[in-house]
Structure formats: C-alpha cells, structure tokens
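Asker: Show me the folded form of this:
(chains A and B)
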Amino acid sequence: MAMSDILKDKILSEIDIDKDHIEKFPLETDEGTKNIREKYHKKAIKDRNNYVNKEIDKFRDYGIQVYEEMQRRFKSLMPTDKSMVFEEGKAKLNDLEQLLVLSSDYLDSEYTLGFSSLLSKLKEGISLDELSSYLDDFFNKMKNINIELTIEDFKYSMFTELFMKSYFEKSNTSEVFQQIFFECPDIILHLRMNLEFILAKYKKTIDTYVTNYRSEKLKAYGKDAKGIVLDYISTRNNNYEMKLKDELTNVNIFIEKKKNIIDYLDNAPLRVKNFNQLCGDYNELNDNLKANFKKSIIELSNSIIELKEYYHYEFIIKDLVKKFNERSSFVTQYNTKLKEVLKEEKNREKIYKDYLKSLGIGFLAKVNVEKQKLCKMKMNEQIKNLNNIYSEIKDLEIYSVIDKLSEACSIYDLFSKSFLCYDYLENTFTKNFSEDEEWDLDKEFRRYFKFLYNPSNEFLRKINAVVDYNISEIIAEKYKLLGLNITSEELTSDNIDAIREVVNYIRFVYNVSDSNISFKDIDFMCHVATAEKIAPNNDEN
Amino acid sequence: MTDLTNEDLLMLYEEILNHLKYLKSNILEEEKEENGDGNE
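Answerer: Residues are numbered from 1 along each chain as shown, chains lettered A, B, ... in the order given. Presented below is the predicted three-dimensional model:
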C-alpha cells in the first residue's frame, strides 16, 4: 500500500481523537447509590479498556503497514553489491603488477623470479621438511627456465654433495642430514651458498630467460614497459576511486555504526568544523572556489597517504643519502672484495679436490682418512670465511648500485635503486620492523614496491635527494598555494594523523556526494535498520 | 494524494509507536466480578 499524506493525516487525527476520548471518558457517576456508582465505575473501566484494546489493534495494524513500507523503501535504497566488479579490478591489477615486476628496470632477475625471497628463507633453524620444500621450489623454478640441475651442481662442499645425493635419490634424507650435521653444523649455510653459487653460475641463462619472457609477455599485452606502468597506475587509481565511492560499502559503514550519520548530515557541527578548518568559512566560498577546494582536498588526501608511507620508509632514504655521500671509498672496497671472493672460491674448490684425492679418486690418489677429516674441517672454515666475505659484499653492494646515480638524483631514484639490493633491503627491513610479530618480509617487499608505484608519488620524483629538504614544508607550501589552511607542523610524522582524519572526513563527504546515494538516504536507512518492530498480536503484553 | 517522504514516514512510525505506548499505559485494572452461582 502506498503511504499517502492522506493516510498520515488520518492516523494523526485518530491519535488526537483517541487522546481526547480516553481523557474525557467518564469513569465515575454522582448518581445513584454506592452500589450503583461502583457498578457504573466497573462497567466504565471495562468499556474504556475495550475501546483502548480496539485502538491498540488498529494502531498495531497501522504500525505494521508503515514498518513494511519503511522496509520496502530500505530495500529499494540498498545499493547493489559490486564485489564481482572489485574482484575483476583486483585481478587486473594483480596481472599488471606481475607485468610491472617483470618489466621494471629496478628489479633484477633473481627478485623477479622469486629466488631472492626463497633464499632468504634458508636460515639456520628451519626444519628438514621446510628445507626439502624450499629445495623443491628452487628446482621447479630452475626447471621453468629449462635448467635441469644434477648432482654436479651441488659439489660446493663435500657436505652439500652428500646431502643432495640423498635428496636426488629421495632416500634416507633425514638420516643423512643428521649424520652430516655432526660434522657440519652449518649445513644449511652450505646449501644456501651452493644455491647462490648455482644462480651465479647460470646467471646468463637466467637473465636471457627473463629478457625473452619479458618481451613475450609485453608483446602479448601489446604495450612497452612505460605503457604497463601507466596502465598499472590508472587501474590502481580507478580501483581505489571505485572502492571509495562504493555505495554499499559506505552505507554499511553507517549501518554497522563505524561512523555516526549524525556527524555527516548538512550543517552537522563536525562537518562544519572540519570543512572550515581547511578553508576558513566554507559557506562563504563561491561555486568556483568550492570546486577548487574539493580538487585540492582530494590531492591532499593522496599526498597524505604517500607521505605516511614515506615516513614508514624514511629511515631507508636517510641511510641511502648518507651512503650516497660517502660512497666513493666503499665502492673501492666493494670491488676489492669481489676480487677477494673469486680467490677464496678457488681455494674452496682446491679443498674439495684435495678431499676427492683423499677418497682415492683421481690419478695416483690414495685413500687417506686423516686427510679426509682435515679437508672437512678446512671446508667448514672456508665456507664460514666465504660467507663473511659475501656478507661484506652484500653490505657494500648498495654503494656500488647508488654510485651509478648522479648528484641530481631524486628521492625516488634512490628508493628505487635500492630494489636492486635485496639483501640490503632485507637487513634494513628486518632491523626496523621484525619486532612486530605479525610482520612478514615478503609483504613488506610488496608494500615497498607499491609505495614506489603509488599513483600519486609525484613529490618523491621532484625532490633532490642529496640537498637538505623538509618534506612536510614542501607539501604544506604546495597546498597553501592552492588555498588550504595547512601548516608544515601539521604534516610532520608526529602530527600527520590528526590532519589525516580531517582530510579523510572531507574526502569521505565528497565520495558519498559523488555517488548514487545521499547522506539523507543513509540517515533514513539507519533509522529503519534500528527501528523497533511491532509484534503482530497481543502476545508481547 | 502524494507519497509520504522518508522523513514523514519515520515521523509517522514514531507517532504510532508513541501512541501504542500511550494506549497500553491507559489500560486500567479491572476488578473481578463475583458471581452468586459459585462459578468464578
């Protein structure tokens, strides 16, 4: 039944009639004897109660009709579920992200193919099952590149050879591991270094594979690396905007009481306060200024997201700038260490050859048990020595990478170059974030990657990294010029959350205003969602 | 005859709920009548 103003007037008038009738209903009489008066009173009560009960039934019916109409309107206002569209957008973005990783100049083949992340998991203390699964993963990745590894690839030390024999034969792996462990407690380290050695050995093949695979994928996609970056950025922007303006999400925020609708209606004190905080008196602005204000707020909101991420990684840029300024002597050290490691790898090979001889393998070789023990001892020492040199190289590698940049490099150039030094980032991330139990290295790498490809990271690209700068001042100046009341103090890492809340509030108001539902409609829906339901019979009494 | 606005509909529902409360609060206690035939 349609709810008309006529019905409303009828109901409201019946309410008045009821009140008048009940209040004026004569319950007593002055006439007759006491007995007659009492009988009159009893009857009057009964009659009035009958009237009231009849009215209760009638108004309950009215209530049910109005409630049903409210529900009908609630349902018709309820926005459609766009999860499928979001899922499609997400899948498209994931595909583009993979293409981006593949085509990025800032990532090396080992990172692109997931070897860096895999090797970082090979650490002391992992279980034998984990070790086997990481080795399987390594073999599969190599197989994808058409490299079939054999036992010949695992003669880095006599211990890696022994363990990998059992791995290839798939027998007694656990017993062999335990047997090796007594003679070589660093077996995991030996294996990791063996895998790194394999990656170095096949580097050319791996790089060629990545280059070919990249061109194939780019050709199939129909765009070059720059085109992919642009598509990634626009897809990420669209997905983000779509999500921000999604009517169902925004309605549910209020229905689930995550936000209070009262604070968002026209002239709500919080709304007036937040808008005025950034523009003086919002109502005084003409339409043109209001449109400019909206544009600036959306930009500022994106800048704040980027700035928050910048603060999250600020320790890296500070460290990189420091390293960039003192790089010259370290680059020399790095090159010296590279030569040293080649020499020490040869020494390792010699120890291995001596060991083979002590087994009686080779021309004129004789079995010598004592020498076997000595070689094993020497190998353990040599691997430790090599590991130390490689660690130093990994620490110094970042100097060599950033040395390729000029003094005119931007913050963005420094950040992105760091991606070529997986070990540097792994160490820096671990040092700064690993106290948090929920923290995960792979997720952090992905976050860092997304930070670098943030659609609105323009300031990172514009600011020179080696000249002193105050990031909050630069951003504040930009928005002051656009007419916003904002200070650099409000954008510092300590204060940014307060201004972020205000800006997010205003942006949220714009998101809803630009969508197909109004705050007025949401207010109605919130009332309906919490409205008391009338029971259809008298039972509730 | 025009359709009620959402605000009017909410207001009307509120009035009905209040009136139902008013009506329920106006039910008076009735004394039981004693019958001379011995039945209750």
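
Asker: Show the average pLDDT along stretch A:277-284.
Answerer: Mean pLDDT, stretch A:277-284: 94.

Asker: low-scoring stretches of chain A, by residue?
Answerer: A:1-2, A:537-541 (pLDDT under 70).

Asker: and it, what are its domains?
Answerer: Chain A breaks down by automatic domain parsing into domains covering A:5-72, A:84-225, A:245-312+A:467-530, A:316-453.

Asker: Quick one: these as CSV, columns for distance to B:K24 and mean neighbour count too.
Answerer: (Glycine included, C-beta is placed from N, CA and C.) As requested, those are exported to CSV (distance: least, CB to CB, whole Å; neighbours: other CB atoms under 10 Å in any protein chain shown):
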stretch, distance to B:K24, mean neighbour count
domain A:5-72, 7, 14
domain A:84-225, 48, 16
domain A:245-312+A:467-530, 21, 16
domain A:316-453, 54, 16
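
Asker: Quick check: A:D16 vs chain B, distance?
Answerer: 10 Å (CB to the nearest CB, to the nearest Å).

Asker: ok, the closest residue to chain B within the stretch 301-450 of chain A - contacts?
Answerer: Residue nearest to chain B within the stretch 301-450 of chain A (CB to the nearest CB): A:S301, separated by 30.8 Å. Counting by CB atoms under 8 Å, 6 or more residues apart in numbering or on different chains, A:S301 makes contact with A:V503, A:N504, A:I506, A:R507.

Asker: quick one: what helix or strand has it in it?
Answerer: Using DSSP states H and E, A:S301 maps to helix A:287-312.

Asker: coming back round to it: taking the contacts of A:S301 together, which two end up most distant?
Answerer: The distance between the two most remote of the contacts of A:S301 (CB to CB) is 7.5 Å, for A:N504 and A:I506.

Asker: Now the spatially most central residue of chain B: which helix or strand?
Answerer: Centroid check for chain B by CA atoms, centre = their mean gives B:L23 as the closest residue, at 3.2 Å. Element membership for B:L23, per DSSP H and E: helix B:6-25.

Asker: Show me what counts as buried in that helix.
Answerer: B:N6, B:L9, B:L10, B:L12, B:Y13, B:E15, B:I16, B:L17, B:H19, B:L20, B:Y22, B:L23 (16 or more other CB atoms under 10 Å in any protein chain shown).

Asker: Rebuild those residues as CSV, extending it with pLDDT.
Answerer: Shown next, in CSV, are those (pLDDT from 0 to 100):
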residue, pLDDT
B:N6, 95
B:L9, 95
B:L10, 96
B:L12, 96
B:Y13, 97
B:E15, 97
B:I16, 97
B:L17, 96
B:H19, 97
B:L20, 97
B:Y22, 97
B:L23, 97
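
Asker: now, among the residues you listed, which is nearest to A:D61?
Answerer: For these, the nearest to A:D61 is B:I16 (9.8 Å; CB to CB).

Asker: List the residues that contact the closest one.
Answerer: Residues in contact with B:I16, defined by CB under 8 Å, 6+ apart, are A:I11, A:F59, A:Y62, A:G63, A:V66, A:I534.

Asker: Setting aside sequence neighbours, what's the nearest residue to it?
Answerer: A:G63 (4.5 Å; CB to CB, 6 or more residues apart in numbering or on different chains).

Asker: isn't the one you found right up against B:L20?
Answerer: Yes - between A:G63 and B:L20 a contact is recorded at 6.6 Å, counting by CB atoms under 8 Å.

Asker: thinking again about what came up before, the residue nearest to the centre of chain B is in contact with A:I15, isn't it?
Answerer: No - shown here, B:L23 and A:I15 do not form a contact pair, counting by CB under 8 Å, at 9.5 Å.

Asker: how about low-confidence regions in chain B?
Answerer: B:1, B:32-40.

Asker: What lies in contact with stretch A:187-204?
Answerer: With CB under 8 Å, 6+ apart as the test, stretch A:187-204 has contacts from A:109-110, A:115, A:119, A:122-124, A:126, A:131, A:135, A:138, A:142, A:145, A:147, A:149, A:153-154, A:156-157, A:159-160, A:163-164, A:177, A:180-181, A:184, A:206, A:345, A:383-384, A:386-387, A:390.

Asker: and what of stretch A:220-231?
Answerer: For stretch A:220-231, the surrounding residues in contact (CB under 8 Å, 6+ apart) are A:L96, A:L99, A:L100, A:S103, A:S104, A:D105, A:L218, A:Y453.
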